[in-house]
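Undergrad: make a model of this:
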Amino acid sequence: FWLKQFDSRLCGRAGALPVEVLRVHRPNLIGVIPAQGTTTRRESALSAPCASAKYFQAPVLNFSSLAKMISQTAAYVIIYVVLAACSCVAGSAGYFVFKVLRKDASGTDGDKSGADFWYSARGTQGPVSLGLSFFASATGAWVLFAAPEVGILSGWWGTLGCALASALPCAMFAVLGPIIRQRCGGDFVFSLTDWVRERFGRPLQLYLSLVSIFYMWVYLVAELASVGNLIRDMAGLSPLVALLPVSISTMVYTSLVGVHASLLTDRLQGVTMVIFIIVTVVACSGGLNMAEGKWDEVSTWSDAGFESLVTLVLALLGAELVKMGTWQRVYAAESVGALRKGCALGGGLNFLTMFLFGLAGMLAEAQDRSRPESTLTIKALAFFDLLTSQGSGIQGLVFALAVCMVASSVDSLQTGLLSVLSKDILGTTLTQVQSLI
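TA: You can find the predicted model right below:
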């Protein structure tokens, strides 16, 4: 399929390389190379000038090239171990949440206080917990693809743009969060939509809620699709093998425990992601083969790159404003000081993560330009181009990192969607069973 899609691009290049050259330069991407004098289905998919008995088309890094990076058994183990750990951590918060809900049901703690606790975890989180949560909930598997691609296409300005665009929303919440909390901080109030209703009325609140639902739903679907595609392309398994366990497990523990489940799992996922990111980026950035001058070609400061920086910053600032899962964390802060320190920690981690992956994309592009024939056709796969030269341990670590990234984003989006759908749209609270439905 991919050979057909890129056939015209392939044939427009110098194209075919001798089999001996391929074995030396890209042995891990060749797959099955036909013997001299034979024709395969893969060769027949190419146009006549590209396919011959003696020469085979230069291998191109695409999604099919990622297959079998990890074994199917390893993929199953990684998924279920990561999800089991997250579920256990989320379950540990269940006792405290149900205790508050029972107290509220008995009428001894005021009207709706239990529901407010379930939806917002109001005033319970310190700066470290908030910082890890801001980091984990914002860093999805999209980072593995988007940041390296922007680094390639826009150079240093694009890399800095990705980093700043991920960090500045935390600075925005550090400034706006305390203001909104002060002006709109009553019981069962924990998002920007509540302030909009108080300031502009119910119609505009409904409009903002629909925009928020649309954005968070698209984000949710994209994250689930990414983990499904990764297990298909890295282990050769059906996307449902990863998509269903991730979506069901996160849905169950967020529906039963509420936003506390997302906050607690963010601590585990945040620490794990920091460790995995450092290990994988350092490993993949070592032992590169770059010809003289190729790095200078990639590491540029262009006007187009600066335009990308401005566009990314404005786009993500606007998007984060309507991401209600983040506003829940603003109200979960135990104090204004804790909120600002948490924003500083989360923003710093976001900046470093995006910068490292953007830099990895630039390194991959410089290495690709040093090859006799370019193989990095899809720039979004730049990080995986570096990954192909690593052992199965690092490759498995990257897959585990991706599962952590998806789980941390998905559970935050689910709690945000639940709050907007039930409180802002329907104007009611939901039981655990209703939330699950």
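Undergrad: what mean pLDDT does the helix or strand in which Ala400 is found get?
TA: According to DSSP states H and E, Ala400 maps onto helix 392-419. On average, the pLDDT along helix 392-419 is 91.
Undergrad: cool, and stretch 295-306?
TA: 90.
Undergrad: so what touches that stretch?
TA: Ile152, Ser154, Gly155, Trp156, Trp157, Gly158, Gly161, Met362, Glu365, Ala366, Arg369 (CB atoms under 8 Å, 6 or more residues apart in numbering). Placement of C-beta: from N, CA and C, glycine included.
Undergrad: so for that stretch, could I get the coordinates as CSV, restricted to C-alpha?
TA: Extracted C-alpha coordinates of stretch 295-306, given in CSV (Å, rounded to 0.1, in the frame of the first residue of the first chain):
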residue,chain,number,x,y,z
TRP,A,295,23.8,19.5,10.3
ASP,A,296,24.2,23.1,9.1
GLU,A,297,21.7,22.5,6.4
VAL,A,298,19.1,21.3,8.9
SER,A,299,19.7,23.7,11.9
THR,A,300,18.5,26.8,10.3
TRP,A,301,16.7,30.0,11.5
SER,A,302,14.2,30.9,8.8
ASP,A,303,11.3,33.3,8.4
ALA,A,304,9.0,30.4,7.8
GLY,A,305,10.2,28.8,11.0
PHE,A,306,9.4,32.0,13.0
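Undergrad: centre of the chain to it, how far?
TA: On the basis of CA atoms, centre = their mean, to the nearest Å, stretch 295-306 is displaced by 25 Å from the centre of the chain it belongs to.
Undergrad: same deal with stretch 206-216?
TA: Averaging C-alpha positions (CA atoms, centre = their mean) puts stretch 206-216 21 Å from its chain's average.
Undergrad: please apply the same query to stretch 366-380.
TA: Per CA atoms, centre = their mean, the centroid offset for stretch 366-380 relative to its chain is 24 Å.
Undergrad: kindly report the same for stretch 152-159.
TA: Worked out by CA atoms, centre = their mean, stretch 152-159 lies 19 Å from the chain centre.
Undergrad: stretch 337-350 now?
TA: Worked out by CA atoms, centre = their mean, stretch 337-350 lies 19 Å from the chain centre.
Undergrad: which of the residues in it are buried?
TA: Ala338, Leu339, Arg340, Lys341, Gly342, Cys343, Ala344, Leu345, Gly346, Gly347, Leu349, Asn350 (16 or more other CB atoms under 10 Å).
Undergrad: ok, these vs Leu240, which is closest?
TA: Asn350 (30.7 Å; CB to CB).
Undergrad: just to revisit the earlier point, which of the buried residues of stretch 337-350 sits closest to Leu397?
TA: Nearest member of those to Leu397, counting by CB to CB, is Leu349, at 18.4 Å.
Undergrad: can you pull the contacts of Lys379?
TA: With CB under 8 Å, 6+ apart, Lys379 has these contacts: Pro148, Glu149, Ile152, Leu153, Gly361, Glu365.
Undergrad: state the distance from Trp416 to Leu345.
TA: Not Trp; residue 416 is Gly. Using CB to CB, to the nearest Å, Gly416 is found at 21 Å from Leu345.
Undergrad: and if you look at Gln395?
TA: 30 Å.
Undergrad: how about Ala74?
TA: As judged by CB to CB, Ala74 and Leu345 stand 33 Å apart.
Undergrad: quick one: low-confidence parts of the protein?
TA: Within the chain, the segments meeting pLDDT under 70 span 1-68, 99-114, 185-188, 427-437.
Undergrad: centre-most residue in it?
TA: Residue closest to the mean C-alpha point of the chain, counted by CA atoms, centre = their mean, is Gly140 at 1.4 Å.
Undergrad: right, and it touches Ser409 too?
TA: Yes: Gly140 lies in contact with Ser409 (CB atoms under 8 Å); the separation is 3.8 Å.
Undergrad: quick one: common contacting residues for these two?
TA: Between them, Gly140 and Ser409 share the contacting residues Tyr219, Glu223, judged by CB under 8 Å, 6+ apart.
Undergrad: C-terminal to the longest helix anywhere in the chain, what's the next element?
TA: Ranked by number of residues, the top helix in the chain under DSSP state H is helix 143-183. Tracing the chain C-terminally past helix 143-183 and defining elements by DSSP H and E, one meets helix 192-200 next.
Undergrad: circling back to that earlier point, quick one, what contacts the residue nearest to the centre of the chain?
TA: Going by CB under 8 Å, 6+ apart, the list of residues near Gly140 reads Tyr219, Ala222, Glu223, Ser226, Met405, Val406, Ser408, Ser409.
Undergrad: just the buried ones from these?
TA: If we count by 16+ other CB under 10 Å, these have these buried: Tyr219, Glu223, Ser226, Met405, Val406, Ser408, Ser409.
Undergrad: got the buried residues for the helix or strand harbouring the second one?
TA: The secondary structure element spanning Glu223 is helix 202-235 (assigned by DSSP H and E). Neighbour counts using 16+ other CB under 10 Å place 205, 208-209, 212-213, 215-216, 219-220, 223-224, 226-235 of helix 202-235 among the buried residues.
Undergrad: restrict the next helix or strand after that helix to CA atoms and write it as CSV.
TA: Going down the chain from helix 202-235, the next helix or strand is helix 240-257, by DSSP H and E. Extracted C-alpha coordinates of helix 240-257, given in CSV (Å, rounded to 0.1, in the frame of the first residue of the first chain):
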residue,chain,number,x,y,z
LEU,A,240,-8.0,-2.9,18.8
VAL,A,241,-5.5,-4.9,20.9
ALA,A,242,-4.3,-1.6,22.3
LEU,A,243,-7.2,0.7,21.7
LEU,A,244,-9.8,-1.3,23.7
PRO,A,245,-7.8,-1.9,26.8
VAL,A,246,-6.6,1.7,27.1
SER,A,247,-10.0,3.2,26.5
ILE,A,248,-11.9,0.8,28.7
SER,A,249,-9.5,0.8,31.7
THR,A,250,-9.2,4.6,31.8
MET,A,251,-13.0,4.9,31.4
VAL,A,252,-13.7,2.6,34.3
TYR,A,253,-11.4,4.2,36.8
THR,A,254,-12.2,7.7,35.9
SER,A,255,-16.0,7.0,36.1
LEU,A,256,-15.7,5.3,39.4
VAL,A,257,-13.2,7.5,41.2
